[in-house]
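Chemist: please work out how this folds:
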Amino acid sequence: MAMRLMGLPNVDAYPEVTVTRHESYISLVFRGKDGAQTMNVPLKYVGGDAESAELWLLADLKRLRYSVRRGMP
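Modeler: You can find the predicted model right below:
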């Protein structure tokens, strides 16, 4: 899988992220000292199957130094 993550909040300001797979999109909720920021990624832009995309996002966000959590829809 090859997605390019762009426009993510600064990891120092928003170190925690919860990734949740929904029926038509994946939700990323970044939390930090300044509150929360949400990004929704439509599955039609991800390609492949939704679970693989979710797992790839979790791994890549961890690689970028975020503290990651898999959410429940």
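Chemist: pLDDT weak spots in the protein?
Modeler: For the chain, applying pLDDT under 70 flags the ranges 1-3.
Chemist: so what's the backbone phi/psi at the spatially most central residue of it?
Modeler: The residue lying closest to the centre of the chain (C-alpha atoms, centre = their mean) is residue 28, at 3.9 Å. When read as degrees, to the nearest 10, the backbone of residue 28 gives phi -120, psi 120.
Chemist: not counting sequence-adjacent ones, nearest residue to it?
Modeler: residue 39 (4.4 Å; C-beta to C-beta, 6 or more residues apart in numbering). Bear in mind the C-beta positions are built from the backbone N, C-alpha and C, glycine included.
Chemist: next one: the one you found relative to residue 47, how far apart?
Modeler: Remark: distance between residue 39 and residue 47 (C-beta to C-beta, to the nearest Å) = 18 Å.
Chemist: if you count surrounding residues, which of these two has more?
Modeler: The neighbour count for residue 39 versus residue 47, taken as other C-beta atoms under 10 Å, is higher for residue 39 (15 against 11).
Chemist: can you confirm that one is in a strand?
Modeler: Yes. Applying DSSP: H, G, I helix; E, B strand; the rest coil, one finds residue 39 inside a strand.
Chemist: which residues sit against the strand or helix carrying residue 17?
Modeler: Taking DSSP states H and E as the criterion, residue 17 maps to strand 16-21. Outside strand 16-21, the residues that touch it by C-beta atoms under 8 Å, 6 or more residues apart in numbering are 26-32, 50-51, 53-54, 57-58, 61, 66-73.
Chemist: got it, and stretch 32-39?
Modeler: Under C-beta under 8 Å, 6+ apart, the answer for stretch 32-39 is 7-9, 13-16, 27-30.
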